[in-house]
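Novice: Pasted the sequence and its predicted model underneath.
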Amino acid sequence: MALVIDIGRELQVAINTGSVVIGFEETRRALLAGTPKLVIIAANAPKWAKDDIEYYAKLAGIPIFVFPGSSIELGAAAKRPHKIMALAVIDPGQSEILKLTEHA
């Protein structure tokens, strides 16, 4: 049975109760420090950005979830008025967002 998670809702809970860094540079910096529990990248992120994040995530052993939508939709899911190419969940707080790693 497939696990159904409302990514937008869980992302909101993680942002409100945990710690999430937003943006490509911030996500890359967090990956270099090895702090994220999960990285989420937009499906339409440029190849260079995906490759860069995947490389550092693999080195650190951190799972990546490809958000099934554009950077505009990822921004909307995070309730931000701008595009988000990538974000890193440092602390999930009270969210179930780390269950996405089972599908990553």
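Specialist: Okay, I see it. Residues are numbered from 1 along each chain as shown.
Novice: now what about the longest helix seen in the chain, what contacts it?
Specialist: When the chain is parsed with DSSP state H, its longest helix is helix 47-60. Residues outside helix 47-60 that contact it (Cβ atoms under 8 Å, 6 or more residues apart in numbering): 24, 27-28, 31-32, 34, 36, 39, 41, 45, 63-64, 85-86. Placement of C-beta: from N, CA and C, glycine included.
Novice: so where is this structure shaky, pLDDT-wise?
Specialist: Residues of the chain that meet the criterion pLDDT under 70 lie in 1-4, 103-104.
Novice: switch the cut-off to 80
Specialist: 1-5, 101-104 (pLDDT under 80).
Novice: all helices for it, in order.
Specialist: Under DSSP H, the chain gives helices at 7-17, 24-33, 47-60, 71-77.
Novice: for these, which one sits closest to Ile90?
Specialist: helix 24-33 (6.4 Å; Cβ to Cβ).
Novice: Summarise which helices and strands that closest one is packed against.
Specialist: If contacts are counted by 3 or more Cβ pairs under 8 Å, 6 or more residues apart in numbering; DSSP states H and E, helix 24-33 sits against strand 19-22, helix 47-60, strand 86-91.
Novice: again, only this time at 7 Å
Specialist: Helix 24-33 sits against helix 47-60, strand 86-91, with contacts defined as 3 or more Cβ pairs under 7 Å, 6 or more residues apart in numbering; DSSP states H and E.
Novice: buried stuff in the shortest one?
Specialist: Read that as strand 86-91. Neighbour-count burial for strand 86-91 flags 86-90 (criterion: 16 or more other Cβ atoms under 10 Å).
Novice: go on, stretch 15-26?
Specialist: Quick answer for stretch 15-26 (16+ other Cβ under 10 Å): 15, 18-24.
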